[in-house]
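J.: structure here, sequence nowhere to be found:
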């Protein structure tokens, strides 16, 4: 539920000009972008130094520790399977992009790995290559994992990737599909982090209470997914502004950097957006829910005949109301290194 397209449509940037090293992610011209962004878009896969949802007081494990195997040994059932998927995503990405350990790709990524990042080719060998390039180009790259959720065969990773120390970096959402216990497919959306925001919140923190990045209890998943699905259909697909009063809590916290906090802010922003683009079409592609967190991956097309934007909206639901929202927006490019589209 983002209004970033409003400022794009009037030739205004939705964020400050990228800092050094970040232009490869957010601009669409020049050969340099294609070379460096190919590596970094794959880096957006890099989910993680840790999985907040499963953090504990246990001593930290050594680099390369097989957390996925620990989870498998600890139990079975749906909870263990979802935990395993999260751990595998983290283990592969940490191994490839932080330690340069390509062996984790052979172990956990299918050879026919399908890539939707428009600057990266298909296949597990390409993932190995991009990991090597990333380590060479950005040896001090750091990323902070904020949230990791899983439902069915999908895993969502929300992170802040910083190419060089002291820069703001990029907000990234990565979605992975698993098949037979291995990563089979990947989508992502990336947006440069601006210097300031209209709401005083950064693009990553949790403001609503309890202030934890971990998803809530599993028994809430189905209810919250149904609620957010109805909200998106009514507000974004049908442009029914009354959905805000019906579904959004009065303490609503906004992390889209261009929209003010609260219910009044989202009403003003979306109202102007719908007026400016009466033919706006928003098509959800996949919805991933766990506990109180629900993510919607969509194609926003403001004007018929254009490619539009890839968007991930992440909502937090508490007490039957939407209380917090994060997002990232990326223009869909004209060409791609693979034949799969961004969706």
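T.: Sure thing, it's come through. Computed from a prediction, not measured in an experiment: that's the story for all the values here. Numbers count the residues shown, from 1 in each chain.
J.: which helices and strands sit right next to the helix or strand harbouring residue 253?
T.: Using DSSP states H and E, residue 253 falls within strand 248-254. When contacts are defined as 3 or more Cβ pairs under 8 Å, 6 or more residues apart in numbering; DSSP states H and E, strand 248-254 sits against helix 262-276, strand 321-331. Where C-beta positions appear, they are placed from N, C-alpha and C, glycine not excepted.
J.: now the last one: average pLDDT?
T.: So the one you mean is strand 321-331. Here strand 321-331 scores 98 as its mean pLDDT.
J.: just the angle for that strand relative to helix 262-276, thanks.
T.: Note on geometry: by axes from the mean of the first three to the mean of the last three Cα atoms, to 10 degrees, strand 321-331 and helix 262-276 are set 40 degrees apart in direction.
J.: hang on, the earlier thing: list the buried ones in the strand holding residue 253?
T.: 248, 249, 252, 253, 254 (16 or more other Cβ atoms under 10 Å).
J.: residue 316 is in contact with the second one, correct?
T.: No - judged on Cβ atoms under 8 Å, residue 249 makes no contact with residue 316 at a distance of 9.7 Å.
J.: tell me, what's touching the two both at once?
T.: 322, 323 (Cβ atoms under 8 Å, 6 or more residues apart in numbering).
J.: residue 250 reaches residue 263, doesn't it?
T.: Yes - if you go by Cβ under 8 Å, residue 250 and residue 263 touch, sitting 6.3 Å apart.
J.: which stretches in this protein count as helices?
T.: 4-9, 23-26, 31-43, 67-74, 78-94, 103-108, 124-137, 221-232, 242-247, 262-276 (DSSP state H).
J.: quick check, nearest of the buried residues of strand 248-254 to residue 130?
T.: residue 254 (33.2 Å; Cβ to Cβ).
J.: distance of that closest one from residue 210?
T.: With distances taken as Cβ to Cβ, to the nearest Å, residue 254 is found 19 Å from residue 210.
J.: re earlier: most neighbours per residue, which of the helices and strands packed on strand 248-254?
T.: strand 321-331 (a mean of 22; mean count of other Cβ atoms under 10 Å).
J.: centroid residue for the protein?
T.: residue 173 (1.3 Å; Cα atoms, centre = their mean).
J.: mind listing what that one touches?
T.: Counted by Cβ under 8 Å, 6+ apart, residue 173 has contacts 156, 157, 158, 188, 189, 190, 295, 297, 312, 314, 328.
J.: also residue 95?
T.: Residues in contact with residue 95 (Cβ under 8 Å, 6+ apart) are 64, 101, 102, 103, 104, 105.
J.: can you verify my assumption that residue 230 contacts residue 238?
T.: No - the criterion here is Cβ under 8 Å, and residue 230 misses it with residue 238 at 10.6 Å.
J.: just the buried residues out of the contacts of residue 95, in ChimeraX syntax.
T.: Here is the ChimeraX command that selects the buried residues among these (16+ other Cβ under 10 Å):
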select :101,102,104,105
